[in-house]
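S.K.: predicted model follows, preceded by the sequence.
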Amino acid sequence: MRTQIIRVTAPLRHRALTQPVLSARLYSTSSRASPRFTPGNKALRAAPSIPFLGALFSSKAPTEEMSYPDQRSDDQWRAVLSPEQFRVLREKGTERPGTGEYDSHYPTKGVYTCAGCDAPLYTADHKFKSGCGWPAYFDSIPGAVTRHTDSTFGMKRTEIVCSNCGGHLGHVFAGEGFPTPTDERHCVNSVSLRFTEDADAAAKKPAEKSKA
Ligand SMILES: [Zn+2]
């Protein structure tokens, strides 16, 4: 009688002990499953970190599914962009603060175009000194920049991309108290931009390209 009970309960106890250990191995970055691991609460607490880790390791945000007039593939972009341009524009990277070509660049006239597709994005008049370490603009050329909600890294930010090719520019922040007409700061990676003094030439480029 006694041995029968042990035979029935042994497989059940075995399963109850091994399942949490298995999930601990899946969810933990450590390969050492603790022998003192207790099932239940700890496994549940470990699980919510998975979507966050997924966001860190994913190079593509959901906004990547949006469609833009310039539909070049990653391989086509790699052929025309530098590795750093590709990392920032196509993989939503960020250049180190204070290192960008246009961080302390204050021309009296001219246009900043998209470094990927040449679409005019900002004029020299939009630029202001923010001291943040990246080029800052209080506004863009109308319609040139598209906004998305960016929820990566546990923050709620507004990502800005080129409306023509979807290339990542940076983020826009509002209500910081800058004495500009909009009190918005388009915080843009220099590597996403190209400056030209000749605004007319910059404006013609995308139209010429679409005809070709
Ligand atoms: Zn673009």
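M.R.: That came through, no problem. Numbering: from 1, shown residues only.

S.K.: when you work out contacts or count neighbours from here on, use the C-alpha atoms and nothing else.
M.R.: OK.

S.K.: next, the buried residues of stretch 86-106.
M.R.: Counting neighbours by 16 or more other C-alpha atoms under 10 Å, one finds that the buried residues in stretch 86-106 are 86-95, 100, 102-104.

S.K.: from Glu159, how far out is Thr146?
M.R.: 8 Å (C-alpha to C-alpha, to the nearest Å).

S.K.: have a look at these two and say which one is more surrounded.
M.R.: Taking Thr146 and Glu159 together and counting by other C-alpha atoms under 10 Å, Glu159 has the greater number of neighbours (23 against 17).

S.K.: my guess is the more buried one meets Val172, correct?
M.R.: Yes: Glu159 lies in contact with Val172 (C-alpha atoms under 8 Å); the separation is 6.4 Å.

S.K.: flag every residue of this protein that's near the ion.
M.R.: Contact residues, the chain versus the ion (C-alpha under 5 Å from the ion): 114, 116-117, 162, 165.

S.K.: distance across stretch 160-177, terminal residue to terminal residue?
M.R.: Start-to-end, stretch 160-177 (C-alpha to C-alpha) is 20 Å.

S.K.: identify the residues contacting that stretch?
M.R.: The contact list for stretch 160-177 (C-alpha atoms under 8 Å, 6 or more residues apart in numbering) reads 64, 66-72, 88-94, 114, 116-117, 119, 121, 143-148, 157-159, 183-189, 192-193.

S.K.: of the residues you listed, buried ones?
M.R.: Looks like the contacts of stretch 160-177 have 70, 88-94, 114, 116-117, 119, 121, 144-147, 157-159, 183-189, 192-193 buried, using 16+ other C-alpha under 10 Å.

S.K.: output the buried residues of stretch 86-106 as TSV; include the columns distance to Pro179 and pLDDT.
M.R.: What follows is the buried residues of stretch 86-106, written out as TSV (distance: C-alpha to C-alpha, whole Å; pLDDT from 0 to 100):
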residue	distance to Pro179	pLDDT
Phe86	34	98
Arg87	33	98
Val88	29	98
Leu89	29	98
Arg90	32	98
Glu91	32	98
Lys92	29	97
Gly93	29	97
Thr94	26	97
Glu95	26	96
Gly100	23	95
Tyr102	21	96
Asp103	19	93
Ser104	18	92
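
S.K.: just these now: which is nearest the ion?
M.R.: Taking C-alpha to the ion as the measure, the ion lies nearest Leu89 of the buried residues of stretch 86-106, at 8.5 Å.
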